[in-house]
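K.L.:
using only what follows, build the 3D model:
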Amino acid sequence: MNPVPAGAERNIRNATERDTSSMIKFITGNNGKFKEVQTILPNVEQLDIDLPEIQEIDAREIIRTKLNAAFEHAEGEFIVEDTSLYLDCLHGLPGPLIKWFLKTIGNEGLVELSEKFGNDIAVAKTIIGYAKDRNEIHFFEGSINGKIVKSEGGSGFGWDPIFLPDGQSKTFAQMSGSEKSLLSMRTTAARKLKDFLSSL
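P.N.:
Alright, predicted model coming up:
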């Protein structure tokens, strides 16, 4: 086997370092979300940093604010996602405010509200924002219709135990990771991002 010239070794190492440093960083502290996206985008890297989360019913504005804040920490390519849960009985609330609803009334409270109003219809939506600089942000969306049910299942995270996708017999929390990935609104959004990146 012919030895690799020293200069070539250095060039290979530099190229590898550039590839690593240019990996897209998914800003999230939620390992479950990261793993779902990583199944579609294997080279994505998790970055757990605190970013401001504005109280806003427009998920895209929440994402835009976070991405702009990310560039205060470092340069690079970033993705941020926001997942919303829209309850028909609450005229679309909590939407992007779901995190705060879970902290206050929890999954049990959401189930009680849907039962009280006699309307269990819900839509789960994920929007992923991608940016490699401050001036251009691209958004990719995935959604799935379902209903709010009594808590079932021990896997997943957040409101997975109370969300039953239409046409399914299991809540997200009763599904295996691969089962959920086939249906997940987050997976749909990640696939759209992957297609976009492949077209560049």
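K.L.:
for Ser122, phi and psi?
P.N.:
If you look again at residue 122, you'll see it is Ala, not Ser. phi -150, psi 160 (degrees, to the nearest 10).
K.L.:
surely it meets Leu85?
P.N.:
Yes: shown here, Ala122 and Leu85 form a contact pair, counting by CB atoms under 8 Å, at 6.2 Å. Any C-beta I mention is one placed from the backbone N, CA and C, and that applies to glycine too.
K.L.:
overlap in contacts, these two.
P.N.:
Common contacts of Ala122 and Leu85 (CB atoms under 8 Å, 6 or more residues apart in numbering): Phe163.
K.L.:
can you classify Ser143 by secondary structure?
P.N.:
For Ser143, the assignment made with DSSP: H, G, I helix; E, B strand; the rest coil gives strand.
K.L.:
which secondary element of the protein has the worst mean pLDDT?
P.N.:
The helix or strand of the chain with the lowest confidence, counting by mean pLDDT, DSSP states H and E, is helix 6-21 at a mean of 40.
K.L.:
contacts for the very next helix or strand once past it?
P.N.:
Counting by DSSP states H and E, the next helix or strand C-terminal to helix 6-21 is strand 25-27. For strand 25-27, contacts defined as CB under 8 Å, 6+ apart pick out 34, 37-38, 41, 44-49, 51, 66, 70, 76-81.
K.L.:
of those, just the buried ones, ChimeraX syntax please.
P.N.:
Command for ChimeraX that selects the buried part of the contacts of strand 25-27, burial taken from 16 or more other CB atoms under 10 Å:
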select :34,37,38,41,44,46,47,51,66,70,76,78,79,80,81
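K.L.:
keep only those of the contacts of strand 25-27 that are in strands.
P.N.:
Secondary structure from DSSP state E places Glu45, Gln46, Leu47, Phe78, Ile79, Val80, Glu81 of the contacts of strand 25-27 in strands.
K.L.:
and these, which is closest to Leu200?
P.N.:
Distance to Leu200 across the ones in strands among the contacts of strand 25-27 (CB to CB) is lowest for Ile79, with 14.3 Å.
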